[in-house]
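Peer 1: need a 3D model of the sequence below.
(chains A and B)
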Amino acid sequence: MLRKPATWHRRHDVPWLIAFVLPAFFIVVAVQFYPLAYSAALAVQEWSLTKSQEPEGFVGLENFVEELGDETFRRSVRNSVLITGGAVILEMILGVCLAYLTMGSSWRMRAVRTTLILPMVIAPVAAGTLWRILLNYRAGLVNHLLSLIGIQGPEWLASPDWAIISVILLDTWQWTPFVLLVAGAAIASIPGDLLEVAAIDGASRWKTFLYIELPLLTPLLLLTLVFRMLESLLSLDSIYSLTFGGPGYSTYTMTFYIYTQGLRNFNFGAAAASSWIFMAFASVSIALVFWFQRKDW
Amino acid sequence: MKKVMLFLFIIALLPLGSALAQDMPHAGAEIVATYMQSGTYDVGAENIEAAFEEATGIELELVASPWAVLNQNHITDLTTGTGEFDVMSGEFWIASVYDKMLPLDAFVERDSFGGDYIPTIWQPGPSGYFDGKRIGIPYSADAYGIVYRTDIFEEAGLSADWETWDDYIATLDQLAMHLEGSDIAPSVFSWGASEQTPSIFLGMYDGYLVDADGNYAVDEESAIAALEKMASLLAYNPEGAAGLSIDESNSVFLTGNAATMICWVSFMRASAQDPDSSLVVDNWAVAPFPGPGFPFLSAWNLFISEYSENPEAAWEWVKYYINPEQSTQRFVELGVGSPYLSTYEDPELMAAYSHDFPGMVHNLSRAQSVPWVFEAFEIFFRNTSELVIGSISAEEALANTLAGWSEVTVPPALVQSAAAQGQQQDM
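Peer 2: Now for the predicted structure:
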C-alpha cells in the first residue's frame, strides 16, 4: 500500500486543526481580549453615571492624567506598595524558614504542615472578619495576650500605621502557607548527592544553604514571589472586611480605589484608566522579577 | 349526552371564573422584587410572599443582596435597560437612575394610597421624587438618635432634654464628673465605622449642602465649627473608641460601659431589651437628637422600574408590602422602624415602648435624608475619619472634601431633594 506523503497529511489536517483550535480561540477572545479591549475603549472616554447614562465621548488620555494626579490614587499606590512589599517579604522569609523547620515525612511533621496550611483555605472575607475580632482594641485576643506579658496593645484598626501593619499581618498569616508548600516541595526535590558532596567537603549547614540550596531554590521562589505579589496587589475582600480601607484612606489600596471608582461611584472611564495603570504597574513589577530571575548572578 | 353535560358544566363555571378574574386581575403575572439582605426587610418580604401570591395570583420572586451589590444591580439593570427587576428597594444612593423609575402619582391617586405617614417621610427627599413626580414609596424609617442610661441619669440628677449639641456636651461633662473612677464612659459612638461620622456632623452643622448653582458645597465657617465639635466628642468615649465598629459600639452600651450612645436606634433596639445580650434591659431610653442640624434619616423606598412589563402587578406588591398593618408587624417582629404614625400611636405598643417611642417620633419628625451620591459621601466620610484619628485638621478635612466634591456632579433628583428639605443655598 502506498503511503501518503507528509505534505498531504499536513494539508489534510489543517481544517481539523482549525476546527479544534477555533472554539478555544473564540473563548479566549470573548473572555480575555474583548473585556480588555472594551476597558481600553472606556479608559479614553468620559463616562460617569452620575452625569450621563451613556459614554460622553472620547477624551484621549485625560482620564489617565487625572488619575495619576489624584492624591487619593497616589496614596492608594503607596499603600499597595507598602502592604504588598511588607507582606510578600515576610511571607517569603517565613515560608522558607517554616519549610525547613517542617521537613520530614513523620506523622508529626505532616500534621504540623496540615495545620499550618489551614489559614490558606479560609475565604479572605472571613479571614478579614476573624482578624477584625482578634485585633479589637478592647476585647480582642491579640491585645489580651499582649496584656498577659505586660504590653499595652495598640489601637490596631484605629491608627493609620497599625492599620497598615494589621493588613500586612493578615496577608502574611493567610498566605505564608502557600510559600511553605512550594518551598517545601522545592527543598525535597534537591538532589541528596549534592548535599552529601558538600558535607564531605566540610561545608557548614549555612554555606550549604547559601551556595547550593538557595541557587537551586531561586527560580521556584521567584515564581512564588510573582504569584504572591499579584495576589497581594489584587487583594480586596480581606481589606474590605478588616478595615474597609480605613481609618480614613490609611489602607485604601489600588484595587479598593478601582472597585470604588467603578462599582460604587460608577465612574467607568476613571475606573478603566486606573485599571490600566494598575495593570502596567503590576506588569512592570513582574517583569522586574523575571529580569532578576534571568540575570546571571 | 356527555358533551351536553360538559358544556353545561363549563357554562356554570364561567361566572366563577369571571369573579376570580375580577378578584385577581393580574393572576399569572410574574414580577421580581429586590431587597437588601439584612435579615429584616428581606425577611419581612419573605414572610408575606406566599400570602401575596395566594391573594393575587401573581408569581413573585424575591432577590435579596448585600447593600453594595443591591445598588450595583439596580444601576446596571436600569442603565442597560435589562428590566430584570420590577420592584426595586432603594434610597437616594441610586438617584443617578431615578429618571428610569416609573412615576407613581397616578397609582397613588387612583388607590388613595398614603395613610398616616409621618409627614416628613412622605415628602420629597425621604420619598423618592424625580422632576416633581413621586417615584418611591417609603417602607421604613430610622433616624439617628441618642440612647441613654435612665438609671445613671437618675442617679446623677440629670435629664436628657438637650436641644443643642452644646447642651449634650455639657451633660457629658457632668456625666464625666459623676462617673469618675468607674469603667463607664459618658458617651460611645462607632468611630471606627467611618461612614457613620457624617451623621454627627449633620446634627451639628447648620447650613446648606448644595449651593445655589446645584453643586455640592457647605457653609465653610459653620462646617469647620461642626467638624471640630464632632472630633471633640471622641474625648468622652472609652479608650480605643476610634476603632469601634457599629456592633462593638452597641456592645459597649449593652454591657453597661457607656452612659449614652449616638446610634441608629433600630440597630440596638431588639438586643437592648434581650436579657441574654444586654445588661441594660429597661434601663435605657431614646433621647432627642440635638440640633441645630438634623438627624440623618434612613428611609427605604420601593420603586417600580420603567422597564417593568407588569407595572400593575408590581404596584399590587408595593401596596401589599407597604401599609400600616404590615409596617407595625415588621416593627414588632423584626425591629424595622415604621414610617406610619399609627405604629407609634398604638396603645399596646406605646406601653411596651414608652422608653423608645417619644424620642423616636421626635427624631423622625425632624429627620432628613442627604443629597449625597455615594462618591460625595465617601469623600466626606474618609476625610472626617482622617480628622477623627488626628491625621488632618478640620480645615484640611473640609478643603480636601470640597476639592473632591468639585469633580462630582449632583444628580438633578438630589438637587430637587435638597431644595425640598431646605438644604440648598438661597439664590
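Peer 1: show residues contacting the helix or strand hosting B:L202.
Peer 2: B:L202 is located in helix B:197-204, with elements delineated by DSSP states H and E. Residues outside helix B:197-204 that contact it (C-beta atoms under 8 Å, 6 or more residues apart in numbering or on different chains) are B:144, B:165, B:189, B:191, B:223, B:225-227, B:229-230, B:233, B:262, B:289-296, B:370, B:377, B:380-381, B:384-385, B:388. Just so you know, the C-beta spots here come from the backbone N, C-alpha and C atoms, and that holds for glycine as well.
Peer 1: same check on stretch B:59-69?
Peer 2: A:263-264, B:28-37, B:42, B:45-46, B:49, B:52-53, B:73, B:85, B:317.
Peer 1: would you mark the buried spots in that stretch?
Peer 2: Across stretch B:59-69, burial judged by 16 or more other C-beta atoms under 10 Å in any protein chain shown covers B:L60, B:L62, B:V63, B:A64, B:S65, B:A68.
Peer 1: quick check, distance from it to the centre of its chain.
Peer 2: 17 Å (C-alpha atoms, centre = their mean, to the nearest Å).
Peer 1: and the residue nearest the centre of chain B, what is it in contact with?
Peer 2: When C-alpha atoms, centre = their mean is applied to chain B, the residue found nearest the centroid is B:S298 (1.7 Å). By C-beta under 8 Å, 6+ apart, B:S298 lies in contact with B:E91, B:S140, B:A141, B:D142, B:A143, B:W264, B:S369.
Peer 1: dump those residues to TSV, plus pLDDT.
Peer 2: Shown next, in TSV, are these (pLDDT from 0 to 100):
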residue	pLDDT
B:E91	91
B:S140	94
B:A141	93
B:D142	92
B:A143	94
B:W264	92
B:S369	94
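Peer 1: which of the residues you listed sits closest to chain A?
Peer 2: For those, the minimum distance to chain A (C-beta to the nearest C-beta) is 14.3 Å, reached by B:E91.
Peer 1: what parts of the stretch 51-200 of chain A come near chain B?
Peer 2: A:51, A:53, A:71-72, A:132, A:136-139, A:155-160 (C-beta under 8 Å from any C-beta of the partner chain).
Peer 1: put the buried members of those residues into a ChimeraX selection.
Peer 2: If you want just the buried ones from these in ChimeraX, going by 16+ other C-beta under 10 Å, the selection is:
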select /A:53,72,132,136,137,138,155,156,157,158,159,160
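Peer 1: just the residues of the stretch 51-200 of chain A next to chain B: which are in helices?
Peer 2: Counting by DSSP state H, those place A:E71, A:T72, A:R132, A:P160 in helices.
Peer 1: which ones are touching the residue lying closest to the last one once chain neighbours are set aside?
Peer 2: Nearest residue to A:P160, sequence neighbours excluded (C-beta to C-beta, 6 or more residues apart in numbering or on different chains): A:S250, at 3.9 Å. Contact partners of A:S250, counting by C-beta under 8 Å, 6+ apart, are A:N79, A:P160, A:D161, A:A163, A:I164, A:T243, B:I389, B:S391.
Peer 1: out of those residues, grab the one that's most surrounded.
Peer 2: When the contacts of A:S250 are compared by neighbour count (other C-beta atoms under 10 Å in any protein chain shown), A:T243 ends up highest, at 29 neighbours.
Peer 1: how close does the closest residue in space to that residue that isn't next to it in sequence get to A:L230?
Peer 2: With sequence-adjacent residues excluded and distances taken as C-beta to C-beta, 6+ apart, A:T243 is closest to A:T251, at 4.4 Å. Note on A:T251: its distance to A:L230, by C-beta to C-beta, to the nearest Å, is 19 Å.
Peer 1: neighbour count winner among these two?
Peer 2: Shown here are A:T251 and A:L230; by other C-beta under 10 Å, A:T251 has more neighbours (27 against 15).
Peer 1: so that one, which of the three states?
Peer 2: coil (DSSP: H, G, I helix; E, B strand; the rest coil).
Peer 1: quick one: it and A:G245 touch, right?
Peer 2: Yes - counting by C-beta atoms under 8 Å, A:G245 is a contact partner of A:T251 at 5.5 Å.
Peer 1: shared neighbours of these two, which are they?
Peer 2: Residues within reach of A:T251 and of A:G245 at once, by C-beta under 8 Å, 6+ apart, are A:I239.
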